[in-house]
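*Asks:* return atomic coordinates for the entry below.
(one chain, ligands or ions: 2)
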Amino acid sequence: MKDVTDCYEEFGDERLPPGQRETTEFPVLSKSGTPPFDPESWQFTVTGAVEEERSFSWAEFRNLPAETQRQDFHCVTGWSTFDREFTGVSFPELADLAGVRDDAVHVMFSAMDDYTTDLPLEECMREDVLFTWELDGEELPRDHGGPLRVVTPHKYAYKGAKWVDGVEFLTESELGYWERRGYSETANPWREERYS
Ligand SMILES: Nc1nc2c(c(=O)[nH]1)N[C@H]1C(S)=C(S)[C@@H](COP(=O)(O)O)O[C@H]1N2
Ligand SMILES: [Mo]
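*Replies:* Ligands and ions are numbered 1, 2, ... in the order given. All right, here's what the predicted structure looks like:
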């Protein structure tokens, strides 16, 4: 178990970002309903500015080298939950499998509910950006993004796509679902980057 709850130290002294309140609950927040999941037909694709575009079946994805991390989680609507345990594959690990090209600068995550979210590549190349299928020792609940979601403890949680099924490496930045609707592209909770 790796404890990365100290990631706030990169951005200041306070574990709870400004304007947030801690909750012991883990609320569910989705733009629309929970999409269906069929483990037989599910496919995860890695596309764009990579040496080799890849796709993974659910069984293949679950066989990638996994780790468990303790993280905090901050929603842009004002709640934070501490000390959640997530198991999965780190972004750098997955990026290595495809071989990211030198001209990649940005990343677009896409999801089964047609959600998208984007981040600069360097903000993704961190061990605490995880593709995760397990929350607090249990299979990730479907409402929380199961079978697979992203978590981004250094960002507001809308940067973590639930039901993620693709990642595209981009040579220019593009905006995701909430970013097109006025939310921040960088979304640093300690700088209260809620809106752009
Ligand atoms: N695919 C998808 N991912 C998503 C969302 C969504 O609507 N669809 N909502 C985002 C928002 S705004 C938040 S706060 C978190 C909420 O995650 P939770 O429901 O597990 O609390 O998921 C993020 N990822
Ligand atoms: Mo959110």
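
*Asks:* could you list the buried residues of the biggest helix by length in the chain?
*Replies:* Counting residues, the longest helix found in the chain (DSSP state H) is helix 91-98. Neighbour-count burial for helix 91-98, counted by 16 or more other CB atoms under 10 Å, picks out 91, 93-95, 97-98. All C-beta spots, glycine's among them, are computed from the backbone N, C-alpha and C.

*Asks:* contacts only, for residue 72.
*Replies:* 5, 7-8, 15, 80-84, 153 (CB atoms under 8 Å, 6 or more residues apart in numbering).

*Asks:* which one of those has the most neighbours?
*Replies:* Ranked by the number of neighbours (other CB atoms under 10 Å), the contacts of residue 72 place residue 153 first, at 24 neighbours.

*Asks:* the nearest residue in space to that one that is not next to it in sequence: what secondary structure?
*Replies:* In space, not counting the residues next to it along the chain, residue 153 is nearest to residue 71; the distance is 4.2 Å by CB to CB, 6 or more residues apart in numbering. Secondary structure, DSSP: H, G, I helix; E, B strand; the rest coil: residue 71 is strand.

*Asks:* quick check, pLDDT for residue 71.
*Replies:* We note a pLDDT of 98 for residue 71 in this prediction.

*Asks:* is it true that it touches residue 151?
*Replies:* Yes: Residue 71 is in contact with residue 151 according to CB atoms under 8 Å; the separation is 6.1 Å.

*Asks:* cool, thanks, signing off.
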